[in-house]
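Participant: Got a predicted model here, sequence first, then my questions.
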Amino acid sequence: MSRPFILGLTGSIGMGKSTVAAMFEAAGVPVFDADATVRRLQGPGGPLLPAIEAAFPGSTGPEGVLREALGAQVFADRDALARLEGIVHPAVAAERHAFMIEHSGEPLVVFDIPLLFEKGGWESVDAVAVVSASAEVQRARVLARPGMTPEKFAHILSLQVPDADKRARADHVIDTGTTLAATENAVKALIARLTTR
């Protein structure tokens with residue numbers, strides 16, 4: 001049975017990955033957003049709340065996972081983090097499987113996975129597109145976010161595979177350090193290339 005070509009979409013913080021994912025969706029390409037799926041599974045009434053609460057008492061409430069309370073229990077504790085991932089990852093995989101069944105007739109789908117290289121998701125996609133801009137553009141975007149500090153930004157960067165490495169490992173690089181129109185044209189050109197293979 002033929003299945004859609006799976007493009008993994010990733011990029012470091014502030015590179016414009018969400019904007020590019022929206023461009024794929026606007027062009028009619030189904031996008032599986034891993035982060036949004038996790039937020040829904042852990043949000044108000046989310047199906048993972050009972051298992052997370054059982055493993056980490058006091059970490060959930062009516063509004064879903066209490067991120068600070070859960071973070072305090074898993075931060076810097078590898079075993080606790082592994083337990084949490086053991087609850088979350090299979091549920092996300094099941095959602096991704098359902099997404100693939102739903103869109104099995106499509107020529108192309110996108111998996112929007114922020115930590116594609118960090119967490120090893122690149123083996124499950126057919127090609128990887130990295131969203132990238134200059135370090136200056138990235139820094140300006142991230143530091144403009146509410147509550148962001150240079151220290152927080154440096155810490156986040158330290159946890160991510162460097163942009164240069166991501167670009168080197170990518171099958172396709174989408175430049176977001178240019179105009180929105182130019183980025184959108186690059187996305188459309190990539191869609192055309194991948195759907196006429």
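Facilitator: Here it is on my side, so go on. Residues are numbered from 1 along each chain as shown.
Participant: Could you list the buried residues of the longest helix along the chain?
Facilitator: Looking across the chain with DSSP state H, the single longest helix is helix 78-102. Residues 83, 84, 87, 88, 91, 92, 95, 96, 99, 100 are the ones in helix 78-102 that count as buried (16 or more other Cβ atoms under 10 Å). Quick note: C-beta positions are derived from backbone N, CA and C, even for glycine.
Participant: Nearest residue to the second one in space, please, no chain neighbours.
Facilitator: What sits nearest to residue 84 in space, not counting adjacent residues and going by Cβ to Cβ, 6 or more residues apart in numbering, is residue 74, at 5.3 Å.
Participant: outside of the longest helix of the chain, which residues touch it?
Facilitator: Where contact means Cβ atoms under 8 Å, 6 or more residues apart in numbering, the residues beyond helix 78-102 that reach it are 3-4, 30, 32, 34, 37-38, 41-42, 47-48, 51-52, 55-56, 70, 73-74, 109, 111.
Participant: Just the mean pLDDT for it, thanks.
Facilitator: On average, the pLDDT along helix 78-102 is 92.
Participant: Now do the helix or strand just after it: which elements does it pack against?
Facilitator: For helix 78-102, the following helix or strand on the C-terminal side (DSSP states H and E) is strand 108-112. Under the contact criterion of 3 or more Cβ pairs under 8 Å, 6 or more residues apart in numbering; DSSP states H and E, strand 108-112 touches strand 5-10, helix 17-26, strand 31-33, helix 34-42, helix 78-102, helix 180-195.
Participant: Using CSV, lay out these together with distance to residue 160.
Facilitator: Shown next, in CSV, are the helices and strands packed on strand 108-112 (distance: least, Cβ to Cβ, whole Å):
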stretch, distance to residue 160
strand 5-10, 10
helix 17-26, 12
strand 31-33, 18
helix 34-42, 14
helix 78-102, 17
helix 180-195, 21
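Participant: Among those, which comes closest to residue 143?
Facilitator: When the helices and strands packed on strand 108-112 are compared by Cβ to Cβ, helix 17-26 sits nearest residue 143, at 17.3 Å.
Participant: How many neighbouring residues does residue 13 have?
Facilitator: 18 (other Cβ atoms under 10 Å).
Participant: which residues touch it?
Facilitator: 138, 142, 153, 156, 157, 160.
Participant: So what does the nearest residue to residue 42 once chain neighbours are set aside look like in phi/psi?
Facilitator: Using Cβ to Cβ, 6+ apart and skipping the chain neighbours, the partner closest in space to residue 42 is residue 65 (4.1 Å). Backbone torsions of residue 65, given as degrees, to the nearest 10, read phi -70, psi 130.
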